[in-house]
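Enquirer: Sequence first, then the predicted structure:
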Amino acid sequence: MSQPRIPLLVVIAAAITLAAAACGPGGTTSAPSSPSAASPSEESEGPSQPPVALNVGLGYIPSVQFAPFYLAEQAGYYDDAGLDVTFRHGTDYDVIALVGEGDLDLGLADGTSVIPAVSQGIPVRYLATIYGTFPSIVFAKASSGIASPADLKGRKLGIPGKYGSSWVMLQALLGSANLTPNDLHIVEYPDYGQGAAVTQGAVDAATGFANNEPVQLRLTGAEVNVLRVDSVVPLPGNGLIASRATIDAKSDAIAGFIAATLRAMEEIKANPEAGLDAALKQVPDLAASRDTQAAILDATIEVWSGPAQEARGLGAIEPTDWEKSVEYLKSLDMVPNPVTVDDLVDTGLLPARG
């Protein structure tokens, strides 16, 4: 789960709807800094090293999904790592291109977008997993009778378009039931209105994100069934990426950013209220729907962990899963040029764990 756009359970798209629909690729948000005064002993030791500037593309609009980044900034974890962090927002594809060009130092991007991008020569690598469970899903009201991929046959399904992580996920789900997109009626919602279409009964099911549309639909009192792709193929979810040149130039700073962010994720996992408070401080408008934001954050915490993260800690990358994903995307003709896992991921900047 780009596509991380939290429009009502209605907006479904590439990485948490709300963000994609409402945000233009040029939006920029600077995180507040919290400089600490130097002690006399520090001053006597001579001038300290200036902080390393990192421009970080989170994709989409500011939202509760990005609570770990906000908490790490507000708690001073980035400062402690010697960093001056600025957050920028845009679509998933913009982030990958900007990271590849060096206009962003780091970005949050969906793994199924990273693989084709690297195959086409964009020099980025995936450094840390943020969503260990693939966030793109198909959801439907339980009353529709859709409880498995096979139940989609002949039904109406809403999707933003035939592209991106939702389209990849849908084809994998259908393939597990020996179905293809031609076996159902696909209705495209370029304005990301397919979630509302489910609510209104205009379609039987829709693509969405596990930590967005189904959460908000349940808050209306409806029972919701969610179909996940993880047992079909282990597609890589959103994670932190950087260009090879930036990794070479700022490896210590990037490692510090990753460690600080994972620290904040662990704290929020243990105490979600801390993450919610950080998000509301960063995006005050979210306070008007605090209960909804809390529910979305709870669902976001759930998708941080998959088998690899449960075994080795948040942020862990499973190379074998990436191999399987590359092979699957090849079957969809999404990998025009050969790529290996070493071309795609770099685990060397993750914090060491005993």
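Expert: The structure has been received and is ready for your questions. Residues are numbered from 1 along each chain as shown.
Enquirer: any low-confidence regions in this structure?
Expert: Counting by pLDDT under 70, the chain shows low-confidence ranges at 1-47, 90-93, 354.
Enquirer: Now do the strands in it.
Expert: Taking DSSP state E to define them, one finds strands in the chain at 28-29, 52-57, 83-88, 106-110, 124-129, 136-141, 156-159, 185-188, 205-209, 224-227, 238-243.
Enquirer: Pipe the ones you listed into CSV and attach mean neighbour count and distance to D346 per row.
Expert: C-betas here are computed from N, CA, C, even on glycine. CSV is the format used below for the strands of the chain (neighbours: other Cβ atoms under 10 Å; distance: least, Cβ to Cβ, whole Å):
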stretch, mean neighbour count, distance to D346
strand 28-29, 12, 27
strand 52-57, 21, 17
strand 83-88, 21, 19
strand 106-110, 30, 13
strand 124-129, 25, 4
strand 136-141, 26, 24
strand 156-159, 24, 32
strand 185-188, 15, 36
strand 205-209, 31, 26
strand 224-227, 19, 32
strand 238-243, 28, 8
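Enquirer: closest to T300 out of those strands?
Expert: In terms of Cβ to Cβ, the element of the strands of the chain nearest to T300 is strand 205-209, at 9.3 Å.
Enquirer: quick one, that closest one and strand 136-141 angle?
Expert: Strand 205-209 runs at 130 degrees relative to strand 136-141, counting by axes from the mean of the first three to the mean of the last three Cα atoms, to 10 degrees.
Enquirer: chain center to strand 205-209, what's the gap?
Expert: Centroid separation between strand 205-209 and its chain, computed with Cα atoms, centre = their mean, to the nearest Å, is 16 Å.
Enquirer: do the same with stretch 246-261
Expert: Mean-position distance between stretch 246-261 and its chain equals 19 Å (Cα atoms, centre = their mean).
Enquirer: Throw the strands of the chain into JSON lines and include distance to P116, thanks.
Expert: Converted to JSON lines, those look like this (distance: least, Cβ to Cβ, whole Å):
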{"stretch": "strand 28-29", "distance to P116": "26"}
{"stretch": "strand 52-57", "distance to P116": "18"}
{"stretch": "strand 83-88", "distance to P116": "22"}
{"stretch": "strand 106-110", "distance to P116": "11"}
{"stretch": "strand 124-129", "distance to P116": "11"}
{"stretch": "strand 136-141", "distance to P116": "15"}
{"stretch": "strand 156-159", "distance to P116": "19"}
{"stretch": "strand 185-188", "distance to P116": "21"}
{"stretch": "strand 205-209", "distance to P116": "19"}
{"stretch": "strand 224-227", "distance to P116": "24"}
{"stretch": "strand 238-243", "distance to P116": "13"}
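Enquirer: Tell me which of these lies nearest to A299.
Expert: Nearest to A299, of these and by Cβ to Cβ, is strand 205-209 at 8.8 Å.
Enquirer: Name every strand pairing with that closest one and say which way it goes.
Expert: strand 136-141 (antiparallel), strand 156-159 (parallel) (DSSP bridges).
Enquirer: Same list (the ones you listed) but as a markdown table, adding distance to A279.
Expert: Listed next are the strands paired with strand 205-209 as a markdown table, based on distance: least, Cβ to Cβ, whole Å:
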| stretch | distance to A279 |
| --- | --- |
| strand 136-141 | 22 |
| strand 156-159 | 28 |
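Enquirer: so which of those comes closest to E327?
Expert: That would be strand 136-141 among the strands paired with strand 205-209, by Cβ to Cβ, at 18.7 Å.
Enquirer: got the contact list for that closest one?
Expert: Applying Cβ atoms under 8 Å, 6 or more residues apart in numbering, the contact partners of strand 136-141 are 1, 3, 146, 149, 152, 157, 165-166, 168-170, 173, 198, 204-210, 213-214, 217, 222-229, 235.
Enquirer: before we move on, what about stretch 341-354?
Expert: With contact meaning Cβ under 8 Å, 6+ apart, stretch 341-354 is reached by 114-115, 118, 125-128, 247, 251, 254-255, 258-259, 262, 312-313, 315-317, 319, 322-323, 326.
Enquirer: Show me just the buried residues among those residues.
Expert: Buried residues within these, counting neighbours by 16 or more other Cβ atoms under 10 Å: 114-115, 118, 125-128, 247, 254-255, 258-259, 262, 315-317, 322, 326.
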